[in-house]
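Asker: Please find the sequence and the predicted model below.
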Amino acid sequence: MIFPPESVHEFRRELVGKMKSGALSNAEAFRQALAVDPHDPAATRFLALAAEKDGDPILAAQLGHRLVEANPVSHEGYLLLGRVHSVPPLAAAYAALGKKKLHFDPEAQAELAAGDLAEPPPTPDDEPAAVTHELEPHRLLHELFVAGLEAVDASLIDRVLARGADCAPLLLGVLNAYGEDLLHETDDGLVVRALALLGEIGDPAALPALARFVPLEDDTIGGAARWAFLRIARRLPVETLDIIRRLSIGAGALDLAALAQQLCLMPDLPGRSEVLLSLADNLSEFDKDERDLVIVSMLTSAHVMHGALSEPAATIETHYGALLSNEARKELKSLRGEIEEARQEIPQPEEPSIYEVCMDGFDVVDDDEPFQRAEPKLGRNEPCWCGSGKKYKKCHLDADENP
């Protein structure tokens, strides 16, 4: 669930209270949390580890895969799959990738130092082709993660797109982790690329997730979401219009305003004006500022789509114009001067390519130095990161310092 609503957060707080009071067991509480939000990383993690502890490797593996898709940046799901997967070469591959991810997580250093991590299965000299195929999307995402805010090669974008259908769940997982506030600000580059790649992959099933990012004030992330949403809308307008109709039901004012914006930019097709008008169905539930936002957005979109004197614009003005505050009317008046210019630009949009959106690096706020994601440094006497059980100085220290 991208950006869980306050109702879900409140439900989670209630479950925490019931766990503390003993009214619910931890397992039952997390099962209820997962029923409400199937992509809840905390609930999935608890239940997956519990299944492993209870000696149910099949269930643990199923939940481990769900945990990877709920938060593919974390090492935990991968290390779990390395421990419980029934196919040894796959277990070794997942464990190895989990080790790489853990090495980037400062909070996991205690696990390394304490030697609490189980030694992963040995990596075979020649990895089976089926294992390479299954792990490729995960490894590609890890490459995007390691790149952080730095530029990436076009070849990496091409490899992700070549496995688009298999990479999409992991890219959605990145958005889920962002919505759960599990990512660092240096992961913004990963979020932008996940949004854009989902747009280029082009599956309309990604539109509900993309729509949650469209209203964001952050121009970089919100801009990538708008680009991705319209990328799909211009290729599959009929499917997109149906999804916008469904997304508008019960949506908040900010989300409705964002949908109005996307409607006016997508190709014209039968039913588009009707969907725009339907965005006002729940106006009575909003306060003054929210009503202003929705009505102004609808009128602006109608003007862009059909002109200021069009029937849809007149219909919106007739039905809802009286609800506008004086401030909103002034805002709308100032916008009208820009609308005709915007209309002229829409028929031939200058749309950047996926490479223009994804390849360049991203600026670091208040930092003149280029970003480089550095691996945490291990002490000479700490257990080696590879899981061999040897001290770092007796294992990979020389190789790491003299690559």
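Answerer: That came through fine.
Asker: Helix, strand, or coil at F104?
Answerer: Following DSSP: H, G, I helix; E, B strand; the rest coil, we place F104 in the coil state.
Asker: Could you report the pLDDT at it?
Answerer: Confidence at F104, expressed as pLDDT, is 82.
Asker: mind listing what the spatially most central residue of the chain touches?
Answerer: The chain has L175 as the residue nearest its centroid, 1.0 Å off, counting by Cα atoms, centre = their mean. Going by Cβ atoms under 8 Å, 6 or more residues apart in numbering, L175 touches 2, 191, 194-195, 209, 212-213. Every residue, glycine included, has its C-beta placed from N, CA and C.
Asker: which among those residues gets closest to A48?
Answerer: Among those, I2 lies closest to A48 (Cβ to Cβ), at 21.2 Å.
Asker: residue contacts, the closest one?
Answerer: Per Cβ under 8 Å, 6+ apart, neighbours of I2: 175-176, 179, 208-209, 212-213.
Asker: Make sure I have this right: it is in a strand.
Answerer: No - counting by three-state DSSP, I2 is not part of a strand but coil.
Asker: How much space separates it from R163?
Answerer: Distance, I2 to R163, using Cβ to Cβ, to the nearest Å: 22 Å.
Asker: on that earlier part again, top of the contacts of I2 by number of neighbours, please.
Answerer: Within the contacts of I2, most neighbours by other Cβ atoms under 10 Å means F213, with 26 neighbours.
Asker: Report the separation between it and V174.
Answerer: Using Cβ to Cβ, F213 is found at 11 Å from V174.
Asker: ditto for I244
Answerer: Distance, I244 to V174, by Cβ to Cβ: 23 Å.
Asker: give the contact list for the residue nearest to V192 when sequence neighbours are not counted.
Answerer: The spatially closest residue to V192, leaving aside those adjacent along the chain, is A224, at 4.4 Å (Cβ to Cβ, 6 or more residues apart in numbering). Under the criterion of Cβ under 8 Å, 6+ apart, the neighbours of A224 are 191-193, 195-196, 213, 357.
Asker: Nearest to T132 among the residues you listed?
Answerer: Of the contacts of A224, the one sitting nearest to T132 (Cβ to Cβ) turns out to be R193, at 22.7 Å.
Asker: Pretty sure the closest one sits against M359.
Answerer: No - checked against Cβ atoms under 8 Å, the pair R193 and M359 is beyond contact range at 9.2 Å.
Asker: Turn the contacts of A224 into CSV, columns for distance to A27.
Answerer: Converted to CSV, those look like this (distance: Cβ to Cβ, whole Å):
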residue, distance to A27
V191, 32
V192, 37
R193, 36
L195, 35
A196, 39
F213, 33
V357, 43
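Asker: who does the helix or strand in which P137 is found touch, helix- and strand-wise?
Answerer: P137 belongs to helix 129-147 when elements are defined using DSSP states H and E. Under the contact criterion of 3 or more Cβ pairs under 8 Å, 6 or more residues apart in numbering; DSSP states H and E, helix 129-147 touches helix 88-102, helix 154-162, helix 164-179, helix 188-201.
Asker: Would you tell me which one of these is buried the most?
Answerer: helix 188-201 (a mean of 25; mean count of other Cβ atoms under 10 Å).
Asker: tell me the average confidence for that helix?
Answerer: Rounded mean pLDDT across helix 188-201 is 97.
Asker: and that helix, C-alpha only, in PDB?
Answerer: Provided in PDB are the C-alpha atoms of helix 188-201 (Å, rounded to 0.1, in the frame of the first residue of the first chain):
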ATOM      1  CA  ASP A 188      15.800   9.400  -4.000                       C
ATOM      2  CA  GLY A 189      17.600   8.600  -7.200                       C
ATOM      3  CA  LEU A 190      16.400   5.000  -6.900                       C
ATOM      4  CA  VAL A 191      12.900   6.200  -6.400                       C
ATOM      5  CA  VAL A 192      12.900   8.500  -9.400                       C
ATOM      6  CA  ARG A 193      14.300   5.700 -11.600                       C
ATOM      7  CA  ALA A 194      11.800   3.200 -10.200                       C
ATOM      8  CA  LEU A 195       8.900   5.600 -11.200                       C
ATOM      9  CA  ALA A 196      10.300   6.300 -14.600                       C
ATOM     10  CA  LEU A 197      11.000   2.600 -15.400                       C
ATOM     11  CA  LEU A 198       7.500   1.600 -14.400                       C
ATOM     12  CA  GLY A 199       6.200   4.200 -16.900                       C
ATOM     13  CA  GLU A 200       8.400   2.900 -19.600                       C
ATOM     14  CA  ILE A 201       7.600  -0.700 -18.900                       C
END
